[in-house]
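Undergrad: 3D, please:
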Amino acid sequence: MASSLLLLLKRVEREIELGLQPLLDEFGLTIEQWRIMAALHEEPGQPMSLLAESAVLPAASLTRHVDKLVERGLVLRRVHPDDKRRIVTALSPVGATVADRLGTAQHALEAELPDYFQMEIHERIGSATRR
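TA: Purely as a prediction, here's the structure:
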């Protein structure tokens, strides 16, 4: 068993990533690209600065990943209608279809996590908030 919440969360993250890998391979996506698409699926029209935070990626690598997603027609990038200096991103219709499929697979994996992971996380979070 993990000795800290951080290690436990990393183990859970790794289990989900491994479960998603066959579908990511099918679509030719990296886990980082999936995180970008998942963030845009939840909140379309994000500026790049917010997207980096939402997808938990450094801004320097975000641009490279978004460029590849744009090239593949999965993400659209536009100038912000109110601020011409800002760029906003959203999923294309094809990207939304891919995100739906990956999101469904991810939710199924999350539901299958062993009960002890869920209980351990809940107990540790409750313990941390009581401190």
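Undergrad: CA atoms for contacts and neighbours, from now on please.
TA: Fine.
Undergrad: low-confidence ranges in the chain?
TA: Within the chain, the set of residues satisfying pLDDT under 70 comprises 1-3, 115-124, 126-131.
Undergrad: in it, which spans are strands?
TA: In the chain, the strands defined using DSSP state E lie at 46-47, 75-79, 87-91.
Undergrad: can you put those strands in CSV and add mean neighbour count and distance to Lys68?
TA: As requested, the strands of the chain are exported to CSV (neighbours: other Cα atoms under 10 Å; distance: least, Cα to Cα, whole Å):
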stretch, mean neighbour count, distance to Lys68
strand 46-47, 18, 17
strand 75-79, 17, 9
strand 87-91, 21, 13
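Undergrad: Dump these into TSV; add distance to Leu8 as well.
TA: Supplementary listing: the strands of the chain in TSV, determined by distance: least, Cα to Cα, whole Å:
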stretch	distance to Leu8
strand 46-47	30
strand 75-79	32
strand 87-91	31
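Undergrad: Pro58 is nearest to which of the ones you listed?
TA: The stretch from the strands of the chain with the least distance to Pro58 (Cα to Cα) is strand 46-47; that distance is 14.1 Å.
Undergrad: Which strands or helices does the closest one pack on?
TA: Using 3 or more Cα pairs under 8 Å, 6 or more residues apart in numbering; DSSP states H and E as the contact definition, the elements that strand 46-47 packs against are strand 87-91.
Undergrad: what does the strand it packs on rub up against?
TA: When contacts are taken as Cα atoms under 8 Å, 6 or more residues apart in numbering, the neighbours of strand 87-91 outside the stretch itself are 37, 40-41, 44-48, 74-80.
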